[in-house]
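Colleague: Sequence and predicted model, in that order:
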Amino acid sequence: MPNVQLADSQELIEPRRTGRGWHMDDISLLLGSAISATALTWVLIVQLTTINNIVGLYAIWFITFVALYRVVTHLHQGRLAARDKMMNVLIASAFLIVFMPLFFIITYVITKGAGAINADFFTKDLSVTGTLDQGGGAAHAIVGTLEQISIACLISVPLGIMTAVFLNEVRGPLRKPVRLFVDAMSGVPSIVAGLFIFAVWIIQFHHSFSGFAAALAMSVLMLPSITRTSEEVLRLVPGGLREASLALGSTEWRTTWSVVLPTARAGLITSVILGVARAVGETAPLIMTSFGNSAMNTNPLNGSQSSLPIFVYTLIRNPFAAQQARAWGGALVLITLVLVLFTLARIIGARQPGARR
């Protein structure tokens, strides 16, 4: 029998461990590599050089840590495990790099704005709140935001879902121009949406600043987001469901209404929530449409109306500390609202397609 040349005999004798599980020896190697990298960086860089750039020191430490961890893992667990563990470390590091700025921003806003949150903050507006008073004064902005986003949803959600149905289910001759128009709207800056509503609704048709004008601008921003996300969701509906419905004699519109849309319901709700989160924090289009107001205005069709973004934008420039604290409180409420929306999107999006409960 001829001798068989082994390409790499080391792979046959090394342990077949992968990075799917972490054990005590894995944690020990990780901590040991981190401590060793810290010591080497401190001795070779801090003590022997004049480098004092914190970003550069962290970069050198990370490169040293990854190299040490790769070597010690290879020696103790083999080449395959070393590759898997190193990729796990790189992916986790990338997550931390992305997460840490968000964590610091949220922590800073909570620190600055938590002191302004009290019962009066949600029940009183600025017209009855003194400049030097502590807390209070955001009720009109919260009500304005809720009304404006509700009207924007009433406008953009039906249009967005119907456009997605047209693009994915009907596929008429105008499919390509409509998709091109939706893609172009996705890249429109928010201030352009505000300028458009200002020029058409306020200047051309002679309407006053109002919450409804702000809702129109927000719907312009929400529409392409809802349309594109809903179209991707509808693509995930199995074609066999459509074919079965059509084979039973159902019409195309009945199939879409009774089969496709209920199956994609969870994904469509997620697309709506993402569209709301896209527009709820915009400030530029609101300045030119609702203009802002220091008093409560529950009628979005008549008169200027405040909102949380305008509330924050106006008060943060005020020289008084109490007003700035209210601005940070408004920012905290706005961030909380956005986080709640994204959390709902994740929870609903995690459901299986077609789930009814």
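Modeller: Cool, got the structure. All values reported here derive from a predicted model rather than from experimental measurement. Numbering: from 1, shown residues only.
Colleague: Not counting residues beside it along the chain, what's closest to L246?
Modeller: Distance criterion C-beta to C-beta, 6 or more residues apart in numbering; nearest residue to L246, sequence neighbours excluded, is T255 at 6.0 Å. Just so you know, the C-beta spots here come from the backbone N, C-alpha and C atoms, and that holds for glycine as well.
Colleague: I figured that neighbour hits S245, correct?
Modeller: Yes. T255 is within contact range of S245, at 4.1 Å (criterion: C-beta atoms under 8 Å).
Colleague: which stretches of the chain have low pLDDT?
Modeller: Under the criterion pLDDT under 70, the flagged ranges of the chain are 1-22, 349-357.
Colleague: And it, split by domain according to the record?
Modeller: 14-114, 122-349 (automatic domain parsing).
Colleague: a markdown table for those, including mean neighbour count?
Modeller: Formatted as a markdown table, these follow (neighbours: other C-beta atoms under 10 Å):
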| stretch | mean neighbour count |
| --- | --- |
| domain 14-114 | 14 |
| domain 122-349 | 19 |
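Colleague: How far does the longest helix belonging to the chain sit from its chain's centre?
Modeller: The longest helix of the chain (DSSP state H) is helix 79-113. Relative to its parent chain, helix 79-113 has a centroid offset of 17 Å by C-alpha atoms, centre = their mean, to the nearest Å.
Colleague: Check stretch 322-336 too.
Modeller: Put simply, stretch 322-336 sits 20 Å off its chain's centre (C-alpha atoms, centre = their mean).
Colleague: repeat for stretch 37-57
Modeller: Chain-centre distance of stretch 37-57: 36 Å, with C-alpha atoms, centre = their mean.
Colleague: hmm, who's touching it?
Modeller: Contacts to stretch 37-57, defined as C-beta atoms under 8 Å, 6 or more residues apart in numbering, come from residues 60-62, 64-65, 68.
Colleague: Apply 7 Å and report the result again.
Modeller: 60-61, 64-65, 68 (C-beta atoms under 7 Å, 6 or more residues apart in numbering).
Colleague: cool, stretch 288-305 as well?
Modeller: Outside stretch 288-305, the residues within contact range by C-beta under 7 Å, 6+ apart are 125-127, 139-140, 143-144, 147-148, 151, 194-195, 197-198, 208-215, 217, 306-307, 310, 314.
Colleague: cool, stretch 332-340 as well?
Modeller: With contact meaning C-beta under 7 Å, 6+ apart, stretch 332-340 is reached by 106, 109-110, 113-114, 117, 138, 142, 277, 280-281, 308-309, 312.
Colleague: ok, now stretch 216-231?
Modeller: With contact meaning C-beta under 7 Å, 6+ apart, stretch 216-231 is reached by 148-149, 152, 155-157, 159-161, 163-164, 167-168, 182, 185-186, 190, 193-194, 196-197, 201, 268, 271-272, 274-276, 278-279, 282, 285, 289.
Colleague: For the closest residue to A217 other than its chain neighbours, give me its contacts.
Modeller: Excluding the flanking residues, the one nearest A217 by C-beta to C-beta, 6+ apart is P285, at 3.7 Å. When contacts are counted by C-beta under 7 Å, 6+ apart, P285 touches 190-191, 193-194, 197, 217-218.
Colleague: so is P285 in a helix, a strand, or just coil?
Modeller: Of the three states, P285 takes helix under DSSP: H, G, I helix; E, B strand; the rest coil.
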